[in-house]
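Q: Turn this into a model:
(one chain, ligands or ions: 1)
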Amino acid sequence: MKITFLGTSHGITEKGAFCSSALVTAGDARYLVDVGAPVDTLLANLDVPLRDLRGAFITHPHQDHYVGLAQLTYTVEDFGRFLDVAFPVLTPEGIDFAALNVFLWGDPRGHERYRVEDPPPRRVRFEVYPDAPAEGSLIFDDGVLRVTAYPVRHIPHSHAFLLEAEGKRVVFTGDLLRDLSDYPRVATETPVDLVVTEAAHVRLDDPDTPEILGKSRTPVLVISHRAPGRNPIESVEKLAARIAPIKVIAAFDGMTLEV
Ligand SMILES: [Zn+2]
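A: Got it, this is the predicted structure:
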């Protein structure tokens, strides 16, 4: 499994860093975890055709994790060049996609209004997954990638994801509470190959943070979605020294990791 960080910033775009999004590659299949970045352009930059996308998964209903869906939806739905694109977007409750259709096409039914005869099926299919129970719920399985959602408490309908493909297990924690009291147990109770967590709300230099993150059963912990004012790069380095042998990496846009 390969993870390419398309956007690593927190709520605001920083210099050289878009809001949250990651591209996951398993074999020939591609997936997105959060779509806060202008992913259609970023995928074009990487020579990844949109038809390779098999699914997108949104962790929670905050704009910086889904705003890129507006441009992606418009691009895919409006242009004949992308007739071969079709993938589901698994979203939590709390996002009004009828309002997105009104914004893009002036009609809650979206682009179909303009194709009265033989309207095509939607190529970007929004599917709401219900709030996950503590033990997690499988929200996606296409035979290549399995995605299990676990509840976290950042805002209502917030989730961490466990991604499983090619015999590897990767956890995206999504956004968390500042005190990390909702740090997902799947990252500490089962061995995983990679954890991607945030540093927008969490304070890496809080006294309890190294102890909590250090319990992760992973060889590598990636800090993405970092607010540099709250968590300057030195705080990542200090954390790394505290939780060795776990390797701590500060993500940047365009960074790729293979697990
Ligand atoms: Zn958030």
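
Q: Identify the bridge partners of residue 165.
A: As for beta bridges, residue 165 partners with residue 168 under DSSP bridges.

Q: Can you give me the separation between it and residue 97?
A: For residue 165, the distance to residue 97 (Cβ to Cβ, to the nearest Å) stands at 27 Å. For glycine as for every other residue, the C-beta is placed from the backbone atoms N, C-alpha and C.

Q: ok, the two, which is more surrounded?
A: residue 165 (22 against 17; other Cβ atoms under 10 Å).

Q: can you pull the contacts of the more buried one?
A: Contact partners of residue 165, counting by Cβ atoms under 8 Å, 6 or more residues apart in numbering, are 1, 24, 26, 144, 145, 146.

Q: Residue 33 contacts residue 60, correct?
A: No. Residue 33 is beyond contact range of residue 60, at 11.7 Å (criterion: Cβ atoms under 8 Å).

Q: and these two? which has more neighbours close in?
A: More neighbours surround residue 33 than the other of residue 33 and residue 60, with 25 against 22 (other Cβ under 10 Å).

Q: Which other helices and strands does the helix or strand bottoming out on mean pLDDT in the chain contact?
A: One helix or strand of the chain scores below all others by mean pLDDT, DSSP states H and E: helix 97-105, with a mean of 86. Secondary-structure packing of helix 97-105 (3 or more Cβ pairs under 8 Å, 6 or more residues apart in numbering; DSSP states H and E): helix 68-78.

Q: Counting by contacts, list what the helix it packs on packs against.
A: Looks like helix 68-78 contacts strand 29-35, helix 39-45, helix 97-105, strand 124-128 (3+ Cβ pairs under 8 Å, 6+ apart).

Q: Great, nothing more from me.
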